[in-house]
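Enquirer: Just need the structure, nothing else, for what follows:
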Amino acid sequence: VQLVESGGGFVQPGGSLRLSCAASGFTFSTYDISWYRQAPGKERELVATISSAGRRFNYANSVKGRFTISRDNAKNTVYLQMNSLKPEDTAVYYCNAHRSLPAVEYDYWGQGTQVTVSS
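Expert: Next comes the predicted model:
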């Protein structure tokens with residue numbers, strides 16, 4: 001099982017980045033996918049979630065209206081479009097795949113990609 005994030009980098013406030021998470025080794029289309037982030041000295045927080053079929057979405061209040069999560073199940077890839085970036089968006093961003101079954105839950109994590117927003 002692999003989740004590989006890409007697309008992070010350095011951007012000025014107000015700029016945009018598009019993160020990608022490429023999955024392999026499991027049935028991607030049956031998993032909800034989330035983006036989390038962790039800033040230095042802070043706990044990891046949920047940023048956005050998209051349901052397995054891509055019909056339901058959930059966003060942290062801090063990113064609503066600025067970030068958009070999407071997925072392409074044919075490519076086993078999830079995206080996070082981040083616009084109007086702020087310095088407080090600086091963090092390592094992680095991709096998570098989650099599936100709940102009656103007797104078991106599955107959770108997979110990527111290694112993360114750094115996003116730095118600074119002037």
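Enquirer: mean confidence for the longest strand seen in the chain?
Expert: Longest strand of the chain, by residue count under DSSP state E: strand 91-100. On average, the pLDDT along strand 91-100 is 97.
Enquirer: Return that strand as PDB; C-alpha atoms alone will do.
Expert: Extracted C-alpha coordinates of strand 91-100, given in PDB (Å, rounded to 0.1, in the frame of the first residue of the first chain):
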ATOM      1  CA  ALA A  91       2.400  22.800   7.400                       C
ATOM      2  CA  VAL A  92       3.200  19.300   6.300                       C
ATOM      3  CA  TYR A  93       0.200  18.000   4.400                       C
ATOM      4  CA  TYR A  94      -0.700  14.300   4.600                       C
ATOM      5  CA  CYS A  95      -3.000  12.200   2.600                       C
ATOM      6  CA  ASN A  96      -5.100   9.600   4.500                       C
ATOM      7  CA  ALA A  97      -7.200   6.700   3.100                       C
ATOM      8  CA  HIS A  98      -9.900   5.400   5.400                       C
ATOM      9  CA  ARG A  99     -12.500   2.600   5.200                       C
ATOM     10  CA  SER A 100     -14.800   1.400   7.900                       C
END
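Enquirer: got the buried residues for the next helix or strand along the chain from that strand?
Expert: Downstream of strand 91-100, the first helix or strand assigned by DSSP states H and E is strand 105-109. Using 16 or more other CB atoms under 10 Å as the test for burial, strand 105-109 gives Y108. To be clear about C-beta, it is placed using only N, CA and C from the backbone, and glycine gets the same treatment.
Enquirer: So what are the sheet partners of the longest strand of the chain and their directions?
Expert: strand 32-38 (antiparallel), strand 105-109 (antiparallel), strand 113-117 (antiparallel) (DSSP bridges).
Enquirer: Understood, closing this out.
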